[in-house]
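Novice: Next one to model:
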Amino acid sequence: MLLDACAVAATAQDFDITAAQLGSFENRLDVLQALFGLLLDRVAGQSTRRRIGCALTGDENQPLESHAGRVGADGARKIGRVRGGRGSRVRHGAHASRFVTCATHERVRFGDYDLGECIGTGGMAEVWLARHRRSRASVIVKRLLPHVTNPDVAELFARESRIAMTLEHPNIVRTLDAGTLDGVPWLATEHVDRGDLRAFMQSWLTKQRVAPPVALTAVVIGDVARALAYAHAHGIIHRDVAPSNVLLGRNGAVKLVDFGIAKVAYESVSRSLSTARGKPGYVAPEVLEGEPSDFRVDVFGLGVTLHEMLVGRRLFYARTPFETLARTLRCEVEAPSKLNPDVPEAIDACCLSALARDPEERLADASQIAHVLDAFVANGRALLVASLGA
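Specialist: As a prediction, this is how the structure comes out:
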């Protein structure tokens, strides 16, 4: 069925359907429905779409749309807990006489939060920079748009809230609270203030014209590897490891975000979740082929990200989604040191092992990547802080 879906790839390109999304469609009718849905989204969302970069709604090719299409609702009751006892307790229906969208240029109250700048919007969700009304802490509020009623979307949003709130790790973005207000599902996370790794890499390459120093790359990827090792130890597979889901803070913090399509190992999941895909160019071949998968799909996505940081260019990305899919499936990877002689042999071997096409030959544990990279961090954290600015 994967090849059947790819047969309409030429049409899908006009609507920015990703190769991985094509791989999740089981028949041509699904593809036609998706094309129609994207057409509606394009018409409805064109006036408010912004490209100022927030990983919470990001995609590698269309930064503010793909993630929003994966989020959903958590039902009609408050499910969140407050970390440290300082979060909000929303009174449903309070302070929300009208739904303020990203097109509204004013600060408004949303439950116990003051919404400030809308930093991302798509066809299904929007993301706001906000402040908690009592603590004045800067947070990110992510909420569904009121017209979104798709139960599959609702399922994914609910799962994101539940899974993220079980994770306490310095390299994972903290989810502070979640609930519904006037029937609109939302969640609040900590604010990581220097954007995502994709934007960082684009800025670095524009200014420096060479890949970042190996020490800086070792720090960033090592921290993400530790986050994944922690999640895996708790039975959680992220399934969407990519640069736009890695956030950076001005103090050199590196944090993994977006558990919207994460899977709990051995959990029985619905069809909508089982067919969900990550970002094109970062999804492991076995996932694209519909084969059983495990924690090693995250190792593959991290391996792609590591390779791209080491050489300063995309690994599988191509002109069209179909070509990106084909390159990923072939999985022909050149050693990073062939393109960047500064890459040590140990990192070369680690990267290639993480990118093995056969999952049985791939590194099985993200902590192994962290262990290798830790030997090369040197002054990497200081370099990261300096490059992010004060």
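
Novice: hmm, who's touching stretch 382-390?
Specialist: Surrounding stretch 382-390, the residues in contact under the criterion Cβ atoms under 8 Å, 6 or more residues apart in numbering are 194, 200, 204, 212-213, 215-216, 219-220, 248-252, 254. All C-beta atoms are positioned from the backbone trio N, CA, C, and that covers glycine.

Novice: which among those residues gets closest to residue 229?
Specialist: For those, the residue nearest residue 229 by Cβ to Cβ is residue 254; the value is 13.8 Å.

Novice: mind giving me the domain split of the chain?
Specialist: The domain map for the chain lists 1-47, 69-190, 197-388, with the assignment taken from automatic domain parsing.

Novice: so can I have CSV of those domains showing mean pLDDT?
Specialist: CSV is the format used below for the domains of the chain (pLDDT from 0 to 100):
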stretch, mean pLDDT
domain 1-47, 39
domain 69-190, 71
domain 197-388, 92
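
Novice: any chance of these in TSV, plus mean neighbour count?
Specialist: Rendered in TSV, the data for these read as follows (neighbours: other Cβ atoms under 10 Å):
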stretch	mean neighbour count
domain 1-47	16
domain 69-190	19
domain 197-388	20
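
Novice: For the nearest residue to residue 117 once chain neighbours are set aside, list the residues it contacts.
Specialist: Closest residue to residue 117 apart from its sequence neighbours, by Cβ to Cβ, 6 or more residues apart in numbering: residue 129 at 4.6 Å. Residue 129 sits next to 116, 117, 118, 119, 138, 140, 191 when contact means Cβ under 8 Å, 6+ apart.

Novice: let's go with 10 Å and repeat that
Specialist: Under the criterion of Cβ atoms under 10 Å, 6 or more residues apart in numbering, the contact list for residue 129 reads 54, 115-120, 138-141, 191, 193.

Novice: ok, of the residues you listed, which one's closest to residue 259?
Specialist: Sorting these by how near they are to residue 259, with Cβ to Cβ, puts residue 140 at the top with 14.4 Å.

Novice: Name the SS class of that closest one, please.
Specialist: Residue 140 falls in the strand class when you classify it by DSSP: H, G, I helix; E, B strand; the rest coil.

Novice: Ok, residue 130 next?
Specialist: Note that with three-state DSSP, the state of residue 130 is strand.

Novice: and if you look at residue 135?
Specialist: Residue 135, by the three-state scheme (three-state DSSP), is coil.

Novice: From what I see, it and residue 114 are in contact.
Specialist: No. Proximity of residue 135 to residue 114 does not meet the contact threshold set by Cβ atoms under 10 Å, at 11.5 Å.

Novice: ok so, going back, which ones among the contacts of stretch 382-390 are found in strands?
Specialist: 248, 254 (DSSP state E).

Novice: Output the contacting helices and strands for whichever helix in the chain runs longest.
Specialist: In the chain, assigned by DSSP state H, the helix with the most residues is helix 214-233. Contact partners of helix 214-233 among helices and strands, from 3 or more Cβ pairs under 10 Å, 6 or more residues apart in numbering; DSSP states H and E: helix 197-208, strand 236-237, strand 246-248, strand 254-256, helix 296-311, helix 345-354, helix 366-373, helix 380-388.

Novice: Turn the ones you listed into JSON lines, including distance to residue 171.
Specialist: Rendered in JSON lines, the data for these read as follows (distance: least, Cβ to Cβ, whole Å):
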{"stretch": "helix 197-208", "distance to residue 171": "13"}
{"stretch": "strand 236-237", "distance to residue 171": "14"}
{"stretch": "strand 246-248", "distance to residue 171": "9"}
{"stretch": "strand 254-256", "distance to residue 171": "6"}
{"stretch": "helix 296-311", "distance to residue 171": "12"}
{"stretch": "helix 345-354", "distance to residue 171": "18"}
{"stretch": "helix 366-373", "distance to residue 171": "10"}
{"stretch": "helix 380-388", "distance to residue 171": "13"}
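
Novice: Sweet, I'm off.
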